[in-house]
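need a structure here:
(one chain, ligands or ions: 1)
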Amino acid sequence: MIPVNMEKIAPGGTGSSPPCLTPRPRGVYLVRPIFGVYVPLFSILTLFPDAVEPYLGASILGLARKKGLVEYLCVDFRDFARDRHRTVDDRPFGGGPGMVLRPEPIAACVEWLEHEHGPFRKLALCPAGTPFRQSLAEELSTTERVLLLCGRYEGYDQRLLDELGFETVSLGDYVLSGGELGAMAITEAAVRLIPGVLGDDRSATEDSFHGGGGLDHPHYTRPRVWREREVPEVLFSGNHESIAEWRAEQAQERTLDRRPDLAKDDNQN
Ligand code: SAM
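Below is the predicted model:
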């Protein structure tokens, strides 16, 4: 287990911060290395940390943290708003419905995090972004620091993304009310690929999309007959070569049938 020291910053706490930042963000954790060793850090910037934190603490993501294989930092960027009302949004220039996230609080939050931890790979959740794929999850699983920005309302002031060098990532061709579900999907897809996180590391390499591949084959377990449906006979043959061959055929058939785009040599996974 890699040792990591978690220091909780209390309201008005004493940890270091860029002098430009007052007041300090309240109730966020700083992750500090011990013996100079860092574990990968996923930082999620959101207006709804209460929605995100329980998910990060549960199941595989929670276990990964307990095993010391990853650390999460959930930050409410409203804590970086400078005005009395802690405003983070405003009406869009040019008119139209809804509100837009102002650049200053988010920029202050990102700059504070980078001051404390070093540079992050910065991704903003955005329906107009590059579709999220397994290849990006694979990249992020070996990235030291990842920052995921969750939008709300009509989204971000474009200058924030340009100025801070954000990449934009989309979860799919539909619109959610916020980026939190996307940030959790990305975190989970990446963290489960970190060696030691899953019970058997082979699980991840045999999953759909791994290494630019196609879909997984069908799986079966007990009982052998269920509602008159039988498990394919080859799976009881004890012949590992025949089983592997059957699974490969099934995977290929499924891929061609359901996702012919993945069967092409130049697929984007
Ligand atoms: N006006 C934006 C548009 O049409 O592209 C939609 C904004 S949406 C209501 C608010 C926030 O939810 C976005 O800034 C983004 O963070 C998140 N979001 C919604 N749908 C998303 C998707 N498909 N992929 C990633 N993020 C999404």
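
For this protein, give the residue positioned nearest to the ligand.
Gly151 (2.2 Å; CB to the nearest ligand atom). C-beta coordinates here come from the backbone N, C-alpha and C atoms, glycine included.

Next, the contact list for that residue, please.
For Gly151, the contacting residues are 101, 124-126, 178-179, by CB atoms under 8 Å, 6 or more residues apart in numbering.

Show the contacting residues for the residue lying farthest from the centre of the chain.
The outermost residue of the chain, judged against the average C-alpha position, is Glu228 (40.9 Å), by CA atoms, centre = their mean. Contacts for Glu228 (CB under 8 Å, 6+ apart) come out as none.

likewise Val52?
44, 46, 74, 150, 180, 183-184.

I only care about the contacts of Gly151 that end up buried; give me the ChimeraX line for that.
Only the buried entries of those go into this ChimeraX selection, using 16 or more other CB atoms under 10 Å:
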select :101,124,125,126,178,179
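
filter the contacts of Gly151 by proximity to the ligand?
125-126, 178-179 (CB under 6 Å from any ligand atom).

Would you mind giving the residues you listed as CSV with pLDDT added?
Shown next, in CSV, are the ones next to the ligand among the contacts of Gly151 (pLDDT from 0 to 100):
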residue, pLDDT
Leu125, 99
Cys126, 98
Gly178, 98
Gly179, 98
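
Tell me which two in these are the farthest apart.
Cys126 and Gly178 (11.4 Å; CB to CB).

First-to-last residue distance for stretch 197-214?
Stretch 197-214 has an end-to-end distance of 23 Å (CA to CA, to the nearest Å).

Return the distance of it from the chain's centre.
17 Å (CA atoms, centre = their mean, to the nearest Å).

Report the mean per-residue pLDDT for that stretch.
Mean pLDDT, stretch 197-214: 92.
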